[in-house]
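Enquirer: Kindly generate the corresponding structure for this input.
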Amino acid sequence: MRIPATSIFVVAFAASAFAQDGIKKEKMAEIKAASVFIRNQSGPYNSSGSGFVVSSTDEYLLIATNAHVVDSEHMNDKVYWETLKMVNYAKFTVLFDSGTVNERSAKAVVMAYDPTADIAIMRVKTADVKNPPKALKIAGAKELDETSTVYSFGFPFGDKLSTGKGPAITVGKATVSSLRTDELGKLKTIQIDGNLNPGNSGGPVTDVEGTVIGVATATIRDSHGIGLIVPVAEINANLNGKVIQVNLAYQMQKDGTLKVVFEVFLSNPSGQFKNVDLNYVLADAKAERPKPDADLKALPGSKTVQLKLTGTVAKSEVAKGEVILDKTDGYFIYNLKANGGDHTGANVVVSLARAARGRQGIDADAKTPAGWKQISSKDGQCTCWVPEKSKKPIDREVTFRTLFQTATINSVQTAGENGLTYVLEHASVVNSESGKAANQAEMNYVLSTILETMTEGLEGRIAEELDAKLGNLAGKELTIKGRKSSMMVRIVISGSDLYLLRIHGPTADVERDDDLFLNSFRQRPGKKPDVVAVVPGMGTTIPKPEPKIEAKPLPSNDRFNETVPITSKKEIGYEIGRVAKGEKVVLGYVSGKWKGWGKQASSSPDDPAEKSSINRVAICEAAKDGKTNVLEVVPAATKAKSHEWTADKEYERVLLRINDTDGDFGNNLDAGVKYHLRIVKAK
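Expert: Numbers count the residues shown, from 1 in each chain. Next up, the predicted model:
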């Protein structure tokens, strides 16, 4: 499945040669030597880009490039930590002096990944590169102006322009047309006019003296040569260590205080972070707030808490900590500083009233306010208020299945004139085998699965969590932030019942219009509030407590016999691992569909009416050259009769995945595709 055309292209600069107007010959040779061609071999969908050496020691070379160069699966809206692990499943080869008689290659790994700035830092062992190049200077460039001349270095169209080895480097010329700044006046994007081509983003862009001023990143379609450059400051920030993402959770305590839990993801390619300080102050609602760039430590009443570092040095780090606030109105204002430097930009302002608003449930006998109307779930178990001018509500009943539970979901949905979607849902959950009401562990499992589906559908992450109420029931509220929109969800588990109230739409509109809707939930009168408060987990890491299942002994000739999920979102749908010669892999369809892209209908991989083999499940080998070889395509109708495949030799890594022939797994979505997998030992 391929990505539809969009307005932004990943780019490289200029294919046309020109006279070296400003850069001296020796400097030109130095820049070309430090510029590298990057091959991303993550399966049948291989990609390429360019980068350049920014740090050189006797042990390692560090290479700067774009995040999207190392992110061929288009996961840049996923949580930083998980994506870093994903990109390191891929195999990266870096070519030095590409396309010349001195061409040599080395393996590389991703050490820092910053999707917001579109910067990644890769690492190569110096010993693996004969005559390693000098690192390019990434500081000391003269201040840019509109009309300043800049030069780009890279590999347009990658291997398509190769004449035998790797592609030769191309040098391009452009002119600065705009310097875009953030709210603090810091340069965030350089816009250029010049001859741009889709291809090898990540190459260096220099001034006329050959000093790097940024990284080529994107061009705008139909713009007749308008391109974008990530400023060099973002490279330095990632090299020196940078806060990539901050997740917050708010929890009201029994004594009336408010606990704020921090989870901070850090780019830390060389282990520079030694400490992370949280500086904060509390401000009254009517008081004047500090300026975005104010030094919080200099303000009266300021406090500092050191967050504890966890994780692996030289990869990503996670810093965690918490503060207890005795104030639940006004504002909580904070910033994060690592090693004494501020890496988060503007101070962040949090409304304490919003964080503590879970106490603000609406009385059951409250009248519907003017401009609003009441709607009910399809089964009538709960109600809420929505804007009076919203569209006619649509109610429905659907069945949602996990491996071990069945949830019957009654929902009602409507769309407001403001572009927001309002949804009220009630789910009754039972154990699929016994038919009995689900227990707490099973309810948490179902909720986690539903939240994963919501997050993936929004291409977002859970960015905020706080204690909240649905009527008189205690639960949680989550903020899920996606690329272009957000969702706020209030959740309560009451016995084997699950209640969800969610609002979805443009981020600014969601945050402005959520209070009355989210506070308006009421249960059907007489419903027993047998409440179990749910903590789905801070940030994007949602725990999935497995229900306790009585272990059953495997047949004597089996070494594996379980139902497994096959994720279509990435190439490694499910990894079986090593399969010995003569072993049988037996597969039988259990449930689920691949979701269609655009107007395509959803399809079951087991549907005999589907003639194409593209959406079947494939048994594959993850080969050492980075390519995935399809060993056999699983036919349809395996629910009735299982399919057997016998290994003709020993395979080190065997995978199950969607048989997506174009290899663009980032655009596939699955809805619980599961197969029963049995591995029979060789005789």
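Enquirer: helices and strands of this structure: which one has the lowest mean pLDDT?
Expert: strand 531-532 (a mean of 40; mean pLDDT, DSSP states H and E).
Enquirer: Could you point out the helix or strand that follows that one?
Expert: strand 558-565 (DSSP states H and E).
Enquirer: which helices and strands sit right next to that following strand?
Expert: If contacts are counted by 3 or more C-beta pairs under 8 Å, 6 or more residues apart in numbering; DSSP states H and E, strand 558-565 sits against strand 574-579, strand 669-680. For glycine as for every other residue, the C-beta is placed from the backbone atoms N, C-alpha and C.
Enquirer: Give me the angle between it and strand 574-579.
Expert: Counting by axes from the mean of the first three to the mean of the last three C-alpha atoms, to 10 degrees, strand 558-565 lies at 160 degrees to strand 574-579.
Enquirer: List the pairing partners of strand 558-565 within its sheet, with orientation.
Expert: In the sheet, strand 558-565 lines up against strand 669-680 (antiparallel) (DSSP bridges).
Enquirer: Looking at the partner strand now, give me its mean pLDDT.
Expert: If you average the pLDDT over strand 669-680, you get 81.
Enquirer: Can you give me the distance of Ile226 to Val205?
Expert: According to C-beta to C-beta, to the nearest Å, Ile226 stands 14 Å off from Val205.
Enquirer: So for these two, which sits in the more crowded spot?
Expert: Val205 (28 against 18; other C-beta atoms under 10 Å).
Enquirer: Contacts only, for the more buried one.
Expert: Shown in contact with Val205 (C-beta atoms under 8 Å, 6 or more residues apart in numbering): 13, 150-153, 174, 190, 192, 212-216, 229.
Enquirer: which of the helices and strands packed on strand 558-565 is buried the deepest?
Expert: Highest mean neighbour count among the helices and strands packed on strand 558-565 (mean count of other C-beta atoms under 10 Å): strand 669-680, with a mean of 20.
Enquirer: follow-up on the earlier one: which one of the helices and strands packed on strand 558-565 lies nearest to Lys373?
Expert: strand 669-680 (32.2 Å; C-beta to C-beta).
Enquirer: Please export the C-alpha coordinates of the closest one as CSV.
Expert: Extracted in CSV, the C-alpha atoms of strand 669-680 (Å, rounded to 0.1, in the frame of the first residue of the first chain):
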residue,chain,number,x,y,z
LEU,A,669,-3.4,-0.9,9.5
ASP,A,670,-4.7,-4.0,11.1
ALA,A,671,-7.8,-4.7,13.3
GLY,A,672,-6.7,-7.5,15.5
VAL,A,673,-5.4,-10.0,12.8
LYS,A,674,-4.5,-13.2,14.7
TYR,A,675,-3.5,-16.7,13.6
HIS,A,676,-3.0,-19.8,15.7
LEU,A,677,0.6,-20.8,15.3
ARG,A,678,1.9,-24.3,15.9
ILE,A,679,5.5,-25.4,15.4
VAL,A,680,6.0,-29.1,15.1
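Enquirer: nearest spatial neighbour of Lys584, skipping sequence neighbours?
Expert: Val680 (4.1 Å; C-beta to C-beta, 6 or more residues apart in numbering).
Enquirer: Repeat that for Glu433.
Expert: By the measure of C-beta to C-beta, 6+ apart, the closest residue to Glu433 outside its immediate chain neighbours is Phe404, 7.2 Å from it.
Enquirer: So what's the predicted local confidence for the one you found?
Expert: Phe404 is assigned 74 on the pLDDT scale.
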